[in-house]
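[1] Model the following, please.
(one chain, ligands or ions: 1)
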Amino acid sequence: MAALSDECCSSSLEHEELNAVIEELSNIPVDPPSKRELCNNCSRPVSVCWCAYLPVTPLNIKSKLIILQHPSEEKRCLRTAKILELSLASGRCKVIKGKKFSLNKNVELRDLVGTSQKTLLLFPSTDSVELTNVDLSVPHNVVIIDGTWSQARAMYNSSPDIHSFTKVEINVGKPSNYVIRTQPTEECLSTVETAAITLSYLESNPNIYEILTKPLEALCSFQLKHGAVHHFSKEYLILNGLYKKPITRRIKKKLRKHQDIKNYIR
Ligand SMILES: [Zn+2]
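    Residues are numbered from 1 along each chain as shown. The predicted model follows:
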């Protein structure tokens, strides 16, 4: 009887122990603690935060920058529009999220049109003017569409109100510094590079380019150190026979004739 009672006791102890273990296990979060601490300012993990590369005093510029951002762009962890928001003085940079924009719905856009500043839309097209031909005697509003090429085109097409802005293109002739994300062509620039080149020119201050792209360079070098792969543009990969996905018949034809393929890469 005593033995039975002991057995009883020991099994109830085991049961308690088991319960304790189960309780302990149930307190462990389902997701292992992989969530890294994020910087409050740039929202990047603290280990790759680029805030130290931001200007000490945000840049006060005459131009006003409006970034029309595709909703999926915001989710990309390497988004660069944030660099602009944090580098420019308060009220000089505004990000508007959406896929369609109209003067009726977007107060910020309507306000731009109401000012005496001329509004430029960074968007290469058949009727765009080269940046260096823009008249510098008046201050400008600058509108940039932030998204992939196909998103930017769709956003432009579904926003007729922005078609009247003076379309501007940048001819840089050098590959983007933003090496982490594959750009469609060698001349495709990230949002921050586009803004940096445009504002340096409009404000006649080459330092602006250096200041605005410093956090971008830091971001790229962090990412490369953390195992990201140097991305060449799609154009570079195709021209060097390194592109792994199928290419269109049109591009093949252009390649055979040794013609420029830039405009056919999406
Ligand atoms: Zn930060």
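[2] Surely residue 209 is in a helix?
    Yes: counting by DSSP: H, G, I helix; E, B strand; the rest coil, residue 209 is found in a helix.
[3] From residue 198, how far off is the residue in the stretch 151-266 of the chain positioned nearest to the ion?
    Nearest residue of the stretch 151-266 of the chain to the ion: residue 215, at 9.0 Å (CB to the ion). Any C-beta I mention is one placed from the backbone N, CA and C, and that applies to glycine too. Distance, residue 215 to residue 198, by CB to CB, to the nearest Å: 17 Å.
[4] Phi, psi for whatever residue of the stretch 51-200 of the chain ends up closest to the ion please.
    Nearest residue of the stretch 51-200 of the chain to the ion, counting by CB to the ion: residue 51, 3.4 Å away. Here is the backbone geometry of residue 51 (degrees, to the nearest 10): phi -60, psi -30.
[5] so what's it scoring on pLDDT?
    If you check residue 51, the pLDDT there is 94.
[6] before we move on, what about the one 3 residues further on?
    pLDDT, the model's per-residue confidence, is 96 for residue 54.
[7] next one: residue 85
    So, for residue 85, pLDDT stands at 94.
[8] Pretty sure it sits against residue 92.
    No: contact criterion CB atoms under 8 Å: residue 85 and residue 92 do not qualify, at 9.5 Å.
[9] Can you tell me the closest non-neighbouring residue to residue 36?
    Among residues not flanking residue 36 along the chain, residue 45 sits closest, at 4.1 Å (CB to CB, 6 or more residues apart in numbering).
[10] which secondary structure element contains the residue of the stretch 151-266 of the chain closest to the ion?
    helix 207-225 (DSSP states H and E).
[11] Report how far apart the opening and closing residues of stretch 98-111 are.
    18 Å (CA to CA, to the nearest Å).
[12] likewise stretch 155-166?
    17 Å.
[13] Work out the gap between that stretch and the centre of the chain.
    Offset of stretch 155-166 from its chain centre (CA atoms, centre = their mean, to the nearest Å): 21 Å.
[14] mind listing what's buried in it?
    Under the neighbour-count criterion of 16 or more other CB atoms under 10 Å, stretch 155-166 has 155, 156, 159, 161, 162, 165, 166 buried.
[15] likewise stretch 137-148?
    Result for stretch 137-148 [16+ other CB under 10 Å]: buried residues 140, 141, 142, 143, 144, 145, 146, 147, 148.
[16] residues contacting the last one?
    It stands for residue 148. residue 70 (CB atoms under 8 Å, 6 or more residues apart in numbering).
[17] Can you check the pLDDT for it?
    80.
[18] From residue 53, how far off is it?
    For residue 148 relative to residue 53 (CB to CB), the value is 25 Å.
[19] near the ion, which residues of the stretch 51-200 of the chain show up?
    residue 51 (CB under 5 Å from the ion).
[20] Show me the strands in the stretch 51-200 of the chain, by range?
    64-69, 93-97, 118-122, 129-130, 140-146, 166-169 (DSSP state E, counting those that start in this stretch).
[21] can you state the direction angle for the first one and strand 93-97?
    I take that to be strand 64-69. 20 degrees (axes from the mean of the first three to the mean of the last three CA atoms, to 10 degrees).
[22] Pull up the pairing partners for strand 64-69, direction included.
    With DSSP bridges as the test, strand 64-69 is paired with strand 93-97 (parallel), strand 140-146 (parallel).
[23] Adding distance to residue 234, write those out as TSV.
    Shown next, in TSV, are the strands paired with strand 64-69 (distance: least, CB to CB, whole Å):
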stretch	distance to residue 234
strand 93-97	26
strand 140-146	19
